[in-house]
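Trainee: coords please:
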Amino acid sequence: MKLPRRDGSLIFAVEGAAGMAEVVKAARARGADLGGADLGGADLGGADLGGADLGDADLGGANLRDANLRGANLGGAYLGGANLGGANLRDANLRDANLGGADLGGAYLGDADLRGADLRGAHLGAAYLGGADLGGADLGDAYLGDADLRDANLGGADLGDADLGGANLRDANLRGANLGGAYLGG
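Mentor: Presented below is the predicted three-dimensional model:
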């Protein structure tokens, strides 16, 4: 199976792979560079992609539910509409990534770098974002009900019209954040 980059070049090929998840697992084991890969709509649920380089990859609409992406590089990646529910994204680089409309419900994003990320309309209900850096991120219309944002940096973030009902904001940095129209009830 071949994994094309957005520019049309191929990353690698694996003969007889049982599915996209097996190909990606094989690629990681071989240390392949998945940066810029077109994985839009791929079913990668439960895949182990810890430490993988997926920078600038297209993962729009992909199923990454319960995937291990700990320490992965997803900087600049497109994850619009992707299912990342329950995924482990601890220490992941999601800087400038587009996660608009993505489902991150129950995801673990402790200490993740989400600076400048587009999370407009994303679902982050009950997600753990302790220590995450969301400086300058766009969380407009996002759902963060019951999310744990302890010690998170939200400085300069846009939380306009976001639902933060029941979210834990203890010791979070909200300096310069836009909270216009945000729901902060319990």
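
Trainee: is it true that residue 51 touches residue 88?
Mentor: No. Between residue 51 and residue 88 there is no contact under CB atoms under 8 Å: 11.6 Å. Any C-beta I mention is one placed from the backbone N, CA and C, and that applies to glycine too.

Trainee: Quick check: neighbours shared by those two?
Mentor: Common neighbours of residue 51 and residue 88 (criterion: CB atoms under 8 Å, 6 or more residues apart in numbering): residue 70.

Trainee: between these two, which one's more packed in?
Mentor: Using other CB atoms under 10 Å as the criterion, residue 51 and residue 88 rank with residue 88 on top: 22 against 15.

Trainee: Any stretches of the protein with poor pLDDT?
Mentor: When residues are selected by pLDDT under 70, those of the chain lie in 1-32.

Trainee: all strands in it, in order from the N-terminus.
Mentor: Applying DSSP state E to the chain gives strands spanning 2-4, 10-13.

Trainee: ok, residue 116 to residue 165 distance?
Mentor: In this structure, residue 116 and residue 165 are separated by 25 Å, where distance is defined by CB to CB, to the nearest Å.

Trainee: more neighbours, the two?
Mentor: residue 116 (19 against 16).

Trainee: what residues are up against the more buried one?
Mentor: When contacts are counted by CB under 8 Å, 6+ apart, residue 116 touches 95-96, 135-137.

Trainee: before we move on, what about residue 73?
Mentor: 35, 52-55, 92-93.

Trainee: most neighbours, which of those residues?
Mentor: Counting neighbours by other CB under 10 Å, the top entry in the contacts of residue 73 is residue 92, with 30 neighbours.

Trainee: For residue 115, see how far away residue 101 is.
Mentor: Shown here: residue 101 relative to residue 115, a distance of 20 Å by CB to CB.

Trainee: ditto for residue 57
Mentor: Summarising the geometry, the distance separating residue 57 from residue 115, computed by CB to CB, is 18 Å.

Trainee: Which one of these two is surrounded by more residues?
Mentor: Neighbour count, other CB under 10 Å: between residue 57 and residue 115, residue 57 has more, with 28 against 21.

Trainee: I'd say that one and residue 40 touch.
Mentor: No. Distance between residue 57 and residue 40: 9.0 Å, which falls outside the contact criterion (CB under 8 Å).

Trainee: tell me, what's touching those two both at once?
Mentor: Listed as contacting both residue 57 and residue 40 by CB under 8 Å, 6+ apart are residue 78.

Trainee: and residue 186, how many neighbours?
Mentor: Here the neighbour count serves as a burial measure; for residue 186 (other CB under 10 Å) it reads 8.
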